[in-house]
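Q: Sharing a model prediction with you, sequence too.
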Amino acid sequence: MSMYGFDTSFYDYGFSDPAITRSFYGNPIDFDDELYFRRRPPVIRQTPPTETPPEQKRHDGTSPLPLGMDWSLPPRVWEGRNTVWPHDSHKKWSYCVTVPSWTIEADGSDTVFFKVQVGIQSPEGITSTREVPRRFNEFLKLYSELKKEFPKKNLPPAPPKRLTKMRSKTLLEERRCALAVWMEKLLSDVNVSRTVFVAIFLELEAAARQSCSELNLDDSAATSVPSDQFLSNATSLIGSSSSITSDLENSFANETSEVQNHGEPNIVRERSSDVQRDLEELTRKCMELELRLTIEQDARAYAESFAATIIQQNEMLRKELDDVKKQVKPLETSHSDLKQELNKCLKDKVELENEKQEGRLETLIKETAAACTTMTDETTIS
């Protein structure tokens, strides 16, 4: 029985036969009113997965920045040296970037500087900060340099630049917040956060030098505490010995001699401070050399890639020249053949013209001869 109220079996040409329909559509599915058939599902071709190169991870020991540091998210609350960062502080050196404030110069130029705060954390968990004033054009310059360095990456766009000068506090505060968010998005990429352009923009070398000097000062202060205590004890001994009577002059002399002998910690402290200064200079020089080496390596790699591209282009041009030469050679041969054929045609033409002229002369001679004969005949008849 049809579900629409009329019989369509009259128009059936044998396609309702299960043997025929199974060959076309597969196994049948029984419903209440009629027999419907399910089509075979399409074959889905599975493509093999493409192998992606391993991504670089932070704090994996491959960072070319000073002290091998890597970028990290900034802490929510700044508590000086004991600031808690949102990552494990016992891994390696880390740095973060914030834009907390802005200033306007009072020299009449009204130039706006955004204070970029660079925080550095040592593996021991000690935090140090350093401020770098930057103008808005310097942020845009950093963005253009990174676009040239990574042309295939979708870097977050920099905040837009307005035609008029921004002097209102609300607009400057909006731009500061936009720059802070943009820097966080930009440095979230590992490759971008490890570039030389970022290191120069944030002055990471000077920030690392400052943090190292603070750590060395803390260590020297910790080591100089016993010597200070010893000196205070010695001065107390000197004050107590001054109250003793003249009968104890020998003991006073012995005590003063002991105090003079114990003046050696001052010399040791001076020597330790000299050694610390030398160490600071050495660390600074080492960081400068590392930065120079990284810059030179990047420049060499760029020069090598540029030379390789030039060599490839030269090879392509040579191949094209060879192909053109191969195409020109048959043209030259065909040109010479055409010249020869033209010369032959010209010769044939000259010969034909000569033959025509000779034929014309013969016809003229025959005609004149016939005219003469006719004249002679007429004279004889007359």
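A: Thanks, I have it.

Q: What are the buried residues along stretch 130-146?
A: Within stretch 130-146, the residues scored as buried using 16 or more other CB atoms under 10 Å are 130, 132, 134, 136, 139, 142-143, 145-146. (C-beta placed from N, C-alpha, C; glycine too.)

Q: Just name the closest of those residues to residue 376, please.
A: Lowest distance from residue 376 to these (CB to CB) belongs to residue 145, with 114.7 Å.

Q: Spatially nearest residue to the closest one, not counting backbone neighbours?
A: Excluding the flanking residues, the one nearest residue 145 by CB to CB, 6 or more residues apart in numbering is residue 197, at 4.7 Å.

Q: Excluding its own residues, what touches stretch 127-143? List them.
A: Residues outside stretch 127-143 that contact it (CB atoms under 8 Å, 6 or more residues apart in numbering): 75, 78, 80-83, 85, 103, 111-121, 155, 157-159, 161, 175, 179, 182, 186, 197-198, 201-203, 206-207, 210-211, 214.

Q: Filter these down to the buried ones.
A: If we count by 16+ other CB under 10 Å, these have these buried: 75, 83, 85, 112-114, 116-121, 155, 158-159, 175, 179, 182, 186, 197-198, 201-203, 207, 210-211, 214.

Q: What's the mean pLDDT across the helix or strand hosting residue 290?
A: Using DSSP states H and E, residue 290 maps to helix 264-381. Averaged across helix 264-381, the pLDDT comes to 81.

Q: Can you tell me which helices and strands it packs against?
A: Packing partners of helix 264-381 (3 or more CB pairs under 8 Å, 6 or more residues apart in numbering; DSSP states H and E): helix 196-202, helix 204-223, helix 225-242.

Q: what angle sits between it and helix 204-223?
A: Interaxial angle of helix 264-381 relative to helix 204-223 (axes from the mean of the first three to the mean of the last three CA atoms, to 10 degrees): 170 degrees.

Q: before we move on, the earlier item: hang on, the residue nearest to residue 145 packs against residue 144?
A: No: in this structure residue 197 lies outside contact range of residue 144 using CB atoms under 8 Å: 9.7 Å.

Q: Chain neighbours aside, what residue packs nearest to residue 298?
A: residue 196 (6.2 Å).

Q: how many other residues sit next to the one you found?
A: 18 (other CB atoms under 10 Å).

Q: my guess is it contacts residue 296, does it?
A: No: Residue 196 is beyond contact range of residue 296, at 10.3 Å (criterion: CB under 8 Å).

Q: Report whether the expected contact of residue 62 with residue 92 is present.
A: No: using CB under 8 Å, residue 62 is not in contact with residue 92, being 11.1 Å away.

Q: what are the ranges of the helices in the stretch 1-150 of the chain?
A: Counting by DSSP state H, counting those that start in this stretch, the stretch 1-150 of the chain has helices at residues 18-25, 136-149.

Q: And those, which one averages the lowest pLDDT?
A: Lowest mean pLDDT within the helices of the stretch 1-150 of the chain: helix 18-25, at a mean of 52.
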